[in-house]
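K.L.:
Dropping the sequence and predicted coords here.
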Amino acid sequence: GENVEQHPSTLSVQEGDSAVIKCTYSDSASNYFPWYKQELGKGPQLIIDIRSNVGEKKDQRIAVTLNKTAKHFSLHITETQPEDSAVYFCAASIQSGTYKYIFGTGTRLKVLA
Amino acid sequence: NAGVTQTPKFQVLKTGQSMTLQCAQDMNHNSMYWYRQDPGMGLRLIYYSASEGTTDKGEVPNGYNVSRLNKREFSLRLESAAPSQTSVYFCASSDQNYGYTFGSGTRLTVV
């Protein structure tokens, strides 16, 4: 069945450094790839997304890249700040028309001050 | 501007008891979803409703039922709770092919 693998499961970086989280998906029909940030005790919140007709998208300090051939997509956070500490989930769309996603298992990011 | 509202936030059940988790959205979204979140397993889809009047099974539907009461409300029912259903439950909604808006979750413990 469809699968999304996410790495690493935990990531610690010094404040100001960059963080990269990588995901691999299996369904070649996937065409939409959102990223969510989940803070403690809260629901996941959409932070950035990318569609299959685009290779890269940036929004201030965060960016997402997509390699459809390799079925890889990545989240890049630059100039990390303590408030970036959270769990990040990638997701990939499945079954076009139903707006269903399959999620990765999450990456716990710790930004050390 | 409430978004997606879930009730209750916390619940403790005894094995075999039943309960309904409520979810309401005020964004006029067509699609609604129920996920469960377990440590190390990410978010897994229980049931979804692509539009008012329709519901379909997701990845882990056993032990659950759902009702799409109207366009705003989508409830999840546990008929006979089991310890394996201890989890955090999230409701979400979406419109067309955009990312979900999630609620703040219900933390359920079955003892």
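P.N.:
Looks like it arrived, so ask away.
K.L.:
Enumerate the positions of stretch A:59-66 that are buried.
P.N.:
A:Ile62, A:Ala63, A:Val64, A:Thr65, A:Leu66 (16 or more other C-beta atoms under 10 Å in any protein chain shown). C-beta here means a position set from N, CA and C on the backbone, and glycine is covered the same way.
K.L.:
Any residue of that stretch touching chain B?
P.N.:
No. Using C-beta under 8 Å from any C-beta of the partner chain, stretch A:59-66 stays clear of chain B, with a minimum separation of 12.0 Å.
K.L.:
From the chain's centroid, how far away is that stretch?
P.N.:
Distance of stretch A:59-66 from the chain centroid (C-alpha atoms, centre = their mean, to the nearest Å) equals 10 Å.
K.L.:
following whichever strand or helix holds B:Ala24, which helix or strand comes up?
P.N.:
In the assignment (DSSP states H and E), B:Ala24 maps to strand B:19-25. Using DSSP H and E, the helix or strand that follows strand B:19-25 in sequence is strand B:31-38.
K.L.:
quick one: strands adjacent to that following strand?
P.N.:
strand B:42-49 (antiparallel), strand B:87-94 (antiparallel) (DSSP bridges).
K.L.:
In chain A, where is pLDDT below threshold?
P.N.:
A:95-98 (pLDDT under 70).
K.L.:
Where do the strands of it begin and end?
P.N.:
Assigned by DSSP state E, chain A shows strands spanning A:4-7, A:10-14, A:19-25, A:32-38, A:45-51, A:56-59, A:62-67, A:72-77, A:86-94, A:100-103, A:107-112.
K.L.:
Close to chain A: what parts of chain B are there?
P.N.:
B:4, B:31, B:33, B:35, B:40-45, B:48, B:50, B:56, B:58-59, B:90, B:92, B:94, B:96-105.
K.L.:
Can I get the buried part of these as one PyMOL selection?
P.N.:
This is the PyMOL syntax for the buried subset of these, where burial follows 16+ other C-beta under 10 Å:
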select buried, chain B and resi 4+31+33+35+42+43+44+45+48+50+58+90+92+94+97+99+100+101+102+103+104+105
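K.L.:
re earlier: closest one to B:Ser80 among the strands of chain A?
P.N.:
Of all the strands of chain A, strand A:100-103 sits nearest to B:Ser80, with 26.9 Å by C-beta to C-beta.
K.L.:
quick one: that closest one near chain B?
P.N.:
Yes. Strand A:100-103 reaches chain B (C-beta under 8 Å from any C-beta) through A:Lys100, A:Tyr101, A:Ile102, A:Phe103.
K.L.:
wait, the last one sits on A:Tyr88?
P.N.:
No. With contacts counted by C-beta atoms under 8 Å, A:Phe103 stays clear of A:Tyr88, the gap being 10.9 Å.
K.L.:
Identify the bridge partners of the most centrally placed residue in chain B.
P.N.:
The residue lying closest to the centre of chain B (C-alpha atoms, centre = their mean) is B:Trp34, at 3.1 Å. Beta-bridge partners for B:Trp34, by DSSP bridges, are B:Tyr47, B:Cys91.
K.L.:
Perfect, I'm done here.
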